[in-house]
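**Q** Sequence and predicted structure, then a few things I'm wondering about:
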Amino acid sequence: MKKSFSTGLIILLPFALTVWVVHYLFDLFTNPLFNILEKTLLWFEQKQGLSLLHHETLVTFLSRMTALVLTFFFIVALGFLARKFFFKGLLKFTHEVMIRIPVVGTIYRLTKDLTKAMLSTDQKTFKETVLVPFPSPETYSVGFITADVPAALKKVIPQTDVTVFVPTAPHPISGYVLFCARKATHSVDISVEDTFKFLLSCGVIQPPPKP
(Lines give C-alpha, C1' and ligand atoms only; values in the text may rest on other atoms or scores of the structure.)
Protein backbone atom coordinates (compact mmCIF):
# COMPACT_ATOMS: atom_id res chain seq x y z
CA MET A 1 0.00 0.00 0.00
CA LYS A 2 2.77 2.46 0.96
CA LYS A 3 4.80 1.75 -2.20
CA SER A 4 1.71 2.03 -4.40
CA PHE A 5 0.81 5.37 -2.82
CA SER A 6 4.36 6.70 -3.32
CA THR A 7 4.39 5.59 -6.95
CA GLY A 8 0.99 7.17 -7.61
CA LEU A 9 2.10 10.40 -5.94
CA ILE A 10 5.25 10.54 -8.07
CA ILE A 11 3.12 10.15 -11.19
CA LEU A 12 0.38 12.61 -10.16
CA LEU A 13 2.39 15.40 -8.52
CA PRO A 14 4.18 16.69 -11.66
CA PHE A 15 0.85 16.86 -13.51
CA ALA A 16 -0.82 18.63 -10.59
CA LEU A 17 1.99 21.18 -10.26
CA THR A 18 2.00 21.82 -14.00
CA VAL A 19 -1.76 22.41 -14.03
CA TRP A 20 -1.44 24.73 -11.02
CA VAL A 21 1.30 26.83 -12.64
CA VAL A 22 -0.54 27.04 -15.97
CA HIS A 23 -3.79 27.96 -14.19
CA TYR A 24 -2.00 30.68 -12.20
CA LEU A 25 -0.41 32.18 -15.32
CA PHE A 26 -3.71 31.93 -17.21
CA ASP A 27 -5.53 33.89 -14.50
CA LEU A 28 -2.66 36.38 -14.22
CA PHE A 29 -2.78 37.31 -17.90
CA THR A 30 -6.55 37.23 -18.36
CA ASN A 31 -7.77 38.96 -15.18
CA PRO A 32 -7.16 42.56 -16.42
CA LEU A 33 -9.62 42.07 -19.30
CA PHE A 34 -11.85 39.36 -17.86
CA ASN A 35 -14.35 41.54 -15.97
CA ILE A 36 -14.68 43.99 -18.86
CA LEU A 37 -15.24 41.24 -21.40
CA GLU A 38 -17.71 39.41 -19.16
CA LYS A 39 -19.85 42.53 -18.70
CA THR A 40 -19.58 43.32 -22.41
CA LEU A 41 -20.67 39.80 -23.35
CA LEU A 42 -23.69 39.95 -21.04
CA TRP A 43 -24.63 43.39 -22.35
CA PHE A 44 -24.35 42.18 -25.96
CA GLU A 45 -26.49 39.09 -25.40
CA GLN A 46 -29.19 41.20 -23.76
CA LYS A 47 -29.24 43.50 -26.79
CA GLN A 48 -29.57 40.47 -29.06
CA GLY A 49 -32.28 38.91 -26.95
CA LEU A 50 -30.17 35.92 -25.97
CA SER A 51 -30.11 34.36 -22.52
CA LEU A 52 -26.70 33.58 -21.13
CA LEU A 53 -27.46 34.59 -17.55
CA HIS A 54 -28.06 30.96 -16.64
CA HIS A 55 -24.87 29.82 -18.36
CA GLU A 56 -22.27 31.37 -16.10
CA THR A 57 -19.67 28.72 -16.95
CA LEU A 58 -20.01 29.43 -20.68
CA VAL A 59 -19.78 33.19 -20.14
CA THR A 60 -16.69 32.77 -17.95
CA PHE A 61 -15.02 30.46 -20.46
CA LEU A 62 -15.70 32.73 -23.43
CA SER A 63 -14.52 35.79 -21.48
CA ARG A 64 -11.31 34.06 -20.35
CA MET A 65 -10.45 32.74 -23.81
CA THR A 66 -11.15 36.10 -25.46
CA ALA A 67 -9.01 37.85 -22.85
CA LEU A 68 -6.19 35.37 -23.46
CA VAL A 69 -6.31 35.85 -27.24
CA LEU A 70 -6.39 39.64 -26.93
CA THR A 71 -3.53 39.62 -24.42
CA PHE A 72 -1.48 37.41 -26.74
CA PHE A 73 -1.92 39.76 -29.70
CA PHE A 74 -1.26 42.77 -27.45
CA ILE A 75 2.07 41.27 -26.35
CA VAL A 76 3.02 40.47 -29.95
CA ALA A 77 2.06 43.98 -31.09
CA LEU A 78 3.96 45.56 -28.20
CA GLY A 79 7.06 43.54 -29.03
CA PHE A 80 6.78 44.46 -32.73
CA LEU A 81 6.43 48.16 -31.99
CA ALA A 82 9.26 48.03 -29.46
CA ARG A 83 11.60 46.84 -32.22
CA LYS A 84 10.73 49.82 -34.39
CA PHE A 85 12.63 53.07 -34.08
CA PHE A 86 9.59 55.34 -33.79
CA PHE A 87 8.33 53.47 -30.70
CA LYS A 88 11.61 53.46 -28.77
CA GLY A 89 11.24 57.10 -27.76
CA LEU A 90 7.91 56.39 -26.05
CA LEU A 91 9.34 53.35 -24.28
CA LYS A 92 12.32 55.38 -23.07
CA PHE A 93 10.02 58.12 -21.78
CA THR A 94 7.83 55.58 -19.97
CA HIS A 95 10.92 53.94 -18.49
CA GLU A 96 12.22 57.27 -17.17
CA VAL A 97 8.86 58.08 -15.58
CA MET A 98 8.58 54.67 -13.91
CA ILE A 99 12.05 54.68 -12.34
CA ARG A 100 11.49 58.14 -10.82
CA ILE A 101 8.45 57.01 -8.81
CA PRO A 102 9.46 56.12 -5.22
CA VAL A 103 9.17 52.39 -4.36
CA VAL A 104 7.51 51.69 -7.72
CA GLY A 105 10.76 52.54 -9.50
CA THR A 106 12.73 50.00 -7.45
CA ILE A 107 10.22 47.23 -8.16
CA TYR A 108 10.09 48.18 -11.85
CA ARG A 109 13.87 48.10 -12.30
CA LEU A 110 14.16 44.77 -10.50
CA THR A 111 11.41 43.05 -12.47
CA LYS A 112 12.62 44.54 -15.77
CA ASP A 113 16.19 43.32 -15.26
CA LEU A 114 15.08 39.86 -14.11
CA THR A 115 12.63 39.47 -17.00
CA LYS A 116 15.23 40.55 -19.54
CA ALA A 117 17.82 38.17 -18.09
CA MET A 118 15.48 35.19 -17.96
CA LEU A 119 13.69 35.65 -21.30
CA SER A 120 16.36 37.19 -23.50
CA THR A 121 17.24 35.04 -26.51
CA ASP A 122 20.59 36.77 -26.95
CA GLN A 123 22.20 35.26 -23.88
CA LYS A 124 21.86 32.33 -21.54
CA THR A 125 21.10 33.12 -17.93
CA PHE A 126 23.03 30.08 -16.69
CA LYS A 127 26.06 29.62 -18.92
CA GLU A 128 27.73 26.60 -17.33
CA THR A 129 27.35 24.14 -14.45
CA VAL A 130 30.32 24.11 -12.08
CA LEU A 131 31.41 22.87 -8.68
CA VAL A 132 32.66 25.46 -6.20
CA PRO A 133 34.21 25.00 -2.75
CA PHE A 134 31.24 26.14 -0.66
CA PRO A 135 30.36 26.58 2.20
CA SER A 136 33.83 25.39 3.29
CA PRO A 137 37.05 24.55 1.41
CA GLU A 138 36.52 20.82 2.13
CA THR A 139 33.01 20.61 0.62
CA TYR A 140 31.64 21.45 -2.83
CA SER A 141 28.34 22.81 -4.07
CA VAL A 142 26.75 22.80 -7.51
CA GLY A 143 26.44 26.23 -9.07
CA PHE A 144 25.97 28.07 -12.34
CA ILE A 145 28.27 30.63 -13.91
CA THR A 146 26.02 33.58 -14.72
CA ALA A 147 28.42 36.37 -15.73
CA ASP A 148 31.79 37.96 -15.16
CA VAL A 149 32.45 39.81 -11.93
CA PRO A 150 31.15 43.42 -12.18
CA ALA A 151 33.90 45.96 -12.83
CA ALA A 152 33.20 47.85 -9.60
CA LEU A 153 33.71 44.66 -7.57
CA LYS A 154 36.65 43.55 -9.67
CA LYS A 155 38.57 46.60 -8.48
CA VAL A 156 38.09 45.54 -4.86
CA ILE A 157 38.63 41.79 -5.38
CA PRO A 158 40.89 41.56 -8.47
CA GLN A 159 41.56 37.85 -7.90
CA THR A 160 37.98 36.95 -8.84
CA ASP A 161 36.78 36.36 -12.40
CA VAL A 162 33.27 34.93 -12.51
CA THR A 163 29.92 35.27 -10.76
CA VAL A 164 28.46 31.94 -9.62
CA PHE A 165 24.90 31.35 -8.44
CA VAL A 166 24.67 28.44 -5.96
CA PRO A 167 21.00 27.34 -5.63
CA THR A 168 19.56 25.83 -2.47
CA ALA A 169 17.76 22.49 -2.42
CA PRO A 170 14.98 21.48 -2.79
CA HIS A 171 13.81 24.99 -3.80
CA PRO A 172 16.50 26.29 -6.19
CA ILE A 173 14.79 29.64 -6.77
CA SER A 174 16.79 30.92 -3.80
CA GLY A 175 20.52 30.61 -3.22
CA TYR A 176 23.84 32.42 -2.91
CA VAL A 177 25.74 34.66 -5.32
CA LEU A 178 29.49 34.02 -5.13
CA PHE A 179 32.45 35.78 -6.73
CA CYS A 180 35.17 33.26 -7.53
CA ALA A 181 38.40 32.87 -9.40
CA ARG A 182 37.80 30.86 -12.55
CA LYS A 183 40.51 28.40 -11.56
CA ALA A 184 38.69 27.72 -8.26
CA THR A 185 35.67 26.34 -10.10
CA HIS A 186 35.43 22.87 -11.63
CA SER A 187 33.44 22.48 -14.84
CA VAL A 188 31.08 19.50 -14.97
CA ASP A 189 29.43 18.05 -18.06
CA ILE A 190 25.85 18.30 -16.76
CA SER A 191 23.09 20.30 -18.41
CA VAL A 192 21.28 23.05 -16.53
CA GLU A 193 18.02 21.08 -16.68
CA ASP A 194 19.60 17.94 -15.22
CA THR A 195 21.26 20.03 -12.50
CA PHE A 196 17.91 21.48 -11.45
CA LYS A 197 16.39 17.99 -11.36
CA PHE A 198 19.27 16.91 -9.12
CA LEU A 199 18.69 19.83 -6.76
CA LEU A 200 14.90 19.53 -6.67
CA SER A 201 15.20 15.87 -5.71
CA CYS A 202 17.90 16.63 -3.09
CA GLY A 203 20.32 14.43 -5.00
CA VAL A 204 17.97 11.49 -5.52
CA ILE A 205 17.63 11.97 -9.31
CA GLN A 206 21.13 11.46 -10.66
CA PRO A 207 22.24 13.21 -13.89
CA PRO A 208 22.29 10.73 -16.79
CA PRO A 209 25.75 9.54 -17.89
CA LYS A 210 27.09 11.15 -21.05
CA PRO A 211 27.75 8.81 -24.00
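**A** Cool, got the structure.
**Q** hey, let's count contacts and neighbours off CA atoms from now on
**A** Will do.
**Q** Grab the longest strand from the chain for me.
**A** Under DSSP state E, the strand in the chain containing the largest number of residues is strand 140-148.
**Q** And the contacts of stretch 134-145?
**A** Under the contact criterion Cα atoms under 8 Å, 6 or more residues apart in numbering, stretch 134-145 has outside partners 126-133, 162-167, 195.
**Q** now for the helix or strand following the longest strand of the chain, which elements pack on it?
**A** Remark: after strand 140-148, the chain's next helix or strand is helix 151-156, criterion DSSP states H and E. Of the remaining helices and strands, none touches helix 151-156 by 3 or more Cα pairs under 8 Å, 6 or more residues apart in numbering; DSSP states H and E.
**Q** Which positions within helix 151-156 qualify as buried?
**A** Within helix 151-156, no residue is scored as buried using 16 or more other Cα atoms under 10 Å.
**Q** now that helix, how far from the centre of its chain.
**A** 29 Å (Cα atoms, centre = their mean, to the nearest Å).
**Q** one step back: flag whichever of the contacts of stretch 134-145 scores worst on pLDDT.
**A** Among the contacts of stretch 134-145, residue 126 has the lowest pLDDT, at 74.
**Q** what's the closest non-adjacent residue to that residue?
**A** residue 146 (5.0 Å; Cα to Cα, 6 or more residues apart in numbering).
**Q** contacting residues for the one you found?
**A** Contacts of residue 146 by Cα under 8 Å, 6+ apart are 125-128, 162-165.
**Q** Show me which pair in the residues you listed is furthest apart.
**A** Comparing every pair within the contacts of residue 146 by Cα to Cα identifies 125 and 162 as the most remote, at 13.4 Å.
**Q** Between the two, which is the more surrounded one?
**A** Set residue 125 next to residue 162 and count neighbours by other Cα atoms under 10 Å: residue 162 wins out with 21 against 17.
**Q** ok, then the element right after the helix or strand bottoming out on mean pLDDT in the chain?
**A** Here the helix or strand of the chain ranked lowest by mean pLDDT, DSSP states H and E is helix 104-119, holding a mean of 64. Downstream of helix 104-119, the next assigned helix or strand under DSSP H and E is strand 128-133.
**Q** what helix or strand is residue 96 on?
**A** When elements are assigned from DSSP H and E, residue 96 belongs to helix 85-99.
**Q** Burial check on the nearest residue to residue 159 once chain neighbours are set aside, number of neighbours?
**A** Excluding its sequence neighbours, the residue lying closest to residue 159 (Cα to Cα, 6+ apart) is residue 181, at 6.1 Å. Using other Cα under 10 Å, residue 181 has 17 neighbouring residues.
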